[in-house]
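S.K.: take this sequence and fold it.
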Amino acid sequence: MNVMDYDYSLPERLIAQTPLLERTQSKLLALDKNNGNTAHLQFEQLDDLLNPGDLLVLNDTRVIPARLFGIKRDTGAKAEVLLLHALGDDCWEVLIRPGKKLKKGAEIVFGEQLSAVIEAEGDMGIRHIRFYYKGIFNEILDELGQMPLPPYIKERLSEKERYQTVYAKHDGSAAAPTAGLHFTEAYLNKLRDKGIQTAYVTLHVGLGTFRPVSVERIEEHVMHAEYYSLPQETANAINETRANGGRIIAVGTTSARTLETVARVCGLDLLTQDEKAVGTISASQGLTEIFLFPGESLLLVDALLTNFHLPKSTLLMLVSALASRDYILEAYRQAVEQEYRFFSFGDAMFIY
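M.R.: This is a model prediction of the structure:
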């Protein structure tokens with residue numbers, strides 16, 4: 001498959017620059033994955049599409065202020081560092097700009113309390129760096145770091161918590177799991193009162209989620225590893241829901257990737273006659289490089305709540321693995337026509 005098969009035209013004015021005042025006030029495009037039928041709704045109508053016994057699986061990762069700005073100690077040249085993954089002992093995998101000028105051994109200074117030395121180099125600006133600091137690292141990061149908003153967002157974020165889900169718990173993400181930004185605690189409780197269950201996984205969003213596809217054939221794209229965790233409590237909820245005929249609904253592509261990773265780790269098998277995977281899952285954690293695109297069977301995910309994704313992105317390919325590429329691109333065409341808000345702070349889509 002060619003990456004250009006996942007391109008579409010998007011007017012720049014439709015890229016949401018700021019979150020809505022009320023989280024639940026987004027639009028919701030509902031797409032039936034079986035026939036391509038669409039409905040244009042409001043997010044608060046999501047409960048009309050859910051059934052008692054369904055299970056929402058949410059990613060409870062918490063975004064850290066992962067973007068740091070410093071200078072190269074010997075030259076004073078500016079340097080930007082995006083924290084991707086903690087390696088332990090104050091070492092981090094990071095993305096650095098300008099990568100060509102920041103080599104192994106270079107020291108970057110971020111202020112009187114924090115500096116870092118590059119210890120290893122990787123491809124496309126990836127580096128391993130070791131931090132040196134006085135005090136508590138997380139407190140220094142809160143003071144010096146900025147929220148890592150995507151480059152297509154030009155407006156300054158007035159409230160940091162609007163780039164966090166209301167259920168964010170585990171620090172470690174370089175970007176928010178944006179499908180979850182639409183929920184409030186009140187709306188989650190409304191769903192629970194209706195008999196819709198919730199469970200949590202953790203995937204710390206890093207380069208694997210937002211790195212662009214740089215190859216012509218998507219099958220040749222290699223994902224960057226990201227940390228995930230699925231606790232036994234969530235595994236039990238998933239197994240029980242499936243046994244009772246309920247649907248497993250991933251809230252966001254990161255939740256979907258976590259679920260499908262665990263399905264493969266636990267050896268679920270696909271029964272071709274009814275396209276239902278057999279087997280149960282158990283707690284799992286580790287690193288995932290899973291890349292889902294059309295032709296890859298989804299073993300656990302029955303439905304997906306997601307935002308609208310960038311052209312030619314791995315996330316657009318992932319949602320096309322649940323519904324067909326043609327159905328997805330037609331839904332996106334309708335979303336553009338009806339002026340939905342796109343990307344991180346944009347409107348939502350429910351594929352079921």
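S.K.: where along the chain do the helices fall?
M.R.: 137-144, 185-193, 207-210, 232-243, 253-265, 314-322, 325-337 (DSSP state H).
S.K.: just give me the longest strand of this structure.
M.R.: For the chain, the longest strand by residue count, based on DSSP state E, is strand 78-88.
S.K.: tell me the angle of it relative to helix 137-144?
M.R.: If you take axes from the mean of the first three to the mean of the last three CA atoms, to 10 degrees, strand 78-88 sits at 160 degrees to helix 137-144.
S.K.: name the strands paired with strand 78-88 and say parallel or antiparallel.
M.R.: Under the criterion DSSP bridges, strand 78-88 sits next to strand 67-72 (antiparallel), strand 91-97 (antiparallel) in its sheet.
S.K.: those: which one's closest to residue 141?
M.R.: Comparing the strands paired with strand 78-88 against residue 141 with CB to CB, the closest turns out to be strand 67-72 (7.8 Å). Every C-beta, even on glycine, is put in place using the N, C-alpha and C of the backbone.
S.K.: in the closest one, what's buried?
M.R.: With burial defined by 16 or more other CB atoms under 10 Å, the residues of strand 67-72 counted as buried are 67-68, 70, 72.
S.K.: touching, residue 290 and residue 260? I think so.
M.R.: Yes: at 5.9 Å, residue 290 counts as touching residue 260 under the criterion of CB atoms under 8 Å.
S.K.: one step back: reformat the buried residues of strand 67-72 as CSV; add pLDDT and distance to residue 331.
M.R.: Shown next, in CSV, are the buried residues of strand 67-72 (pLDDT from 0 to 100; distance: CB to CB, whole Å):
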residue, pLDDT, distance to residue 331
67, 95, 32
68, 97, 38
70, 97, 43
72, 96, 46
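S.K.: care to break the protein down by domain?
M.R.: When the chain is parsed with automatic domain parsing, its domains come out as 3-63+159-351, 67-144.
S.K.: figure out which of the strands paired with strand 78-88 is closest to residue 183.
M.R.: Nearest of these (CB to CB): strand 67-72, 25.1 Å.
S.K.: which residues outside that closest one are in contact with it?
M.R.: The contact list for strand 67-72 (CB atoms under 8 Å, 6 or more residues apart in numbering) reads 77-83, 101-102, 106-111, 114-116, 141, 144-148.
S.K.: only whichever of those are buried, select them in ChimeraX.
M.R.: To isolate in ChimeraX the members of the contacts of strand 67-72 that are buried, counting by 16+ other CB under 10 Å, one can use:
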select :79,80,81,82,83,102,106,107,108,110,114,115,116,141,144,145,147,148
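S.K.: residue 323 contacts residue 36, doesn't it?
M.R.: Yes: the pair residue 323 / residue 36 is scored as a contact, 7.5 Å apart, by CB under 8 Å.
S.K.: which of the two has more neighbours?
M.R.: residue 323 (22 against 14; other CB atoms under 10 Å).
S.K.: which residues touch that one?
M.R.: Residue 323 neighbours (CB under 8 Å, 6+ apart): 31, 33, 36, 331, 351.
S.K.: over to the third one: give its phi and psi.
M.R.: Which is residue 36. As for residue 36, its main-chain torsions (degrees, to the nearest 10) stand at phi 80, psi 0.
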